[in-house]
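> task: produce atomic coordinates for the following.
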Amino acid sequence: MGKLDDDTACVGSDFCVIGVKNLRVADLSVVPMTLSNHTQASAYVIGEIAAQKLISAYGL
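You can find the predicted model right below:
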């Protein structure tokens with residue numbers, strides 16, 4: 001995950017795949033570094049943040 005102008009980023013902060021229309025990724029692959037905590041907790045947080053972004057983007 002990174003900024004749109006970052007050459008090493010594949011996914012933007014809105015979970016959209018850079019350069020691909022209508023595709024979002026919301027799993028642990030968006031984390032740019034190795035986690036030292038329980039990965040399930042991180043997956044829940046990523047899912048919650050992605051859900052909030054989708055709700056606000058589509059006015060749900």
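
> for C16, which non-adjacent residue is spatially closest?
If the residues on either side of it in the chain are set aside, C16 comes closest to R24, at 5.5 Å by C-beta to C-beta, 6 or more residues apart in numbering. Heads up, the C-betas are built off the backbone N, CA and C, glycines and all.

> tally of neighbours for the one you found?
R24 has 16 neighbours, counted by other C-beta atoms under 10 Å.

> D27 now?
13.

> how about the helices in this protein?
Here the chain has its helices, by DSSP state H, at 39-58.

> got any ranges where it has weak pLDDT?
Counting by pLDDT under 70, the chain contains no low-confidence range.

> gap between N37 and D5?
Look at N37 and D5: by C-beta to C-beta, to the nearest Å, they are 29 Å apart.

> in this structure, which residue is most central in space?
Nearest residue to the geometric centre of the chain (C-alpha atoms, centre = their mean): F15, 3.5 Å.

> what about that one, distance to A41?
Distance from F15 to A41, by C-beta to C-beta: 18 Å.

> try I55
In terms of C-beta to C-beta, I55 sits 21 Å off from A41.

> what is the burial count for K21?
6.

> surely A43 and V30 touch.
No - the pair A43 / V30 is not scored as a contact, 10.3 Å apart, by C-beta atoms under 8 Å.

> neighbour count: these two, which is higher?
Shown here are A43 and V30; by other C-beta under 10 Å, V30 has more neighbours (20 against 15).

> identify the residue nearest the more buried one in space, chain neighbours excluded?
Spatial nearest neighbour of V30, excluding adjacent residues (C-beta to C-beta, 6+ apart): M1 at 4.4 Å.

> that neighbour: how many residues sit nearby?
M1: 17 neighbours (other C-beta under 10 Å).

> please name the nearest non-neighbouring residue to L54.
Closest residue to L54 apart from its sequence neighbours, by C-beta to C-beta, 6+ apart: L60 at 7.2 Å.

> oops, could you answer that again for K3 instead?
Closest residue to K3 apart from its sequence neighbours, by C-beta to C-beta, 6+ apart: A9 at 6.4 Å.
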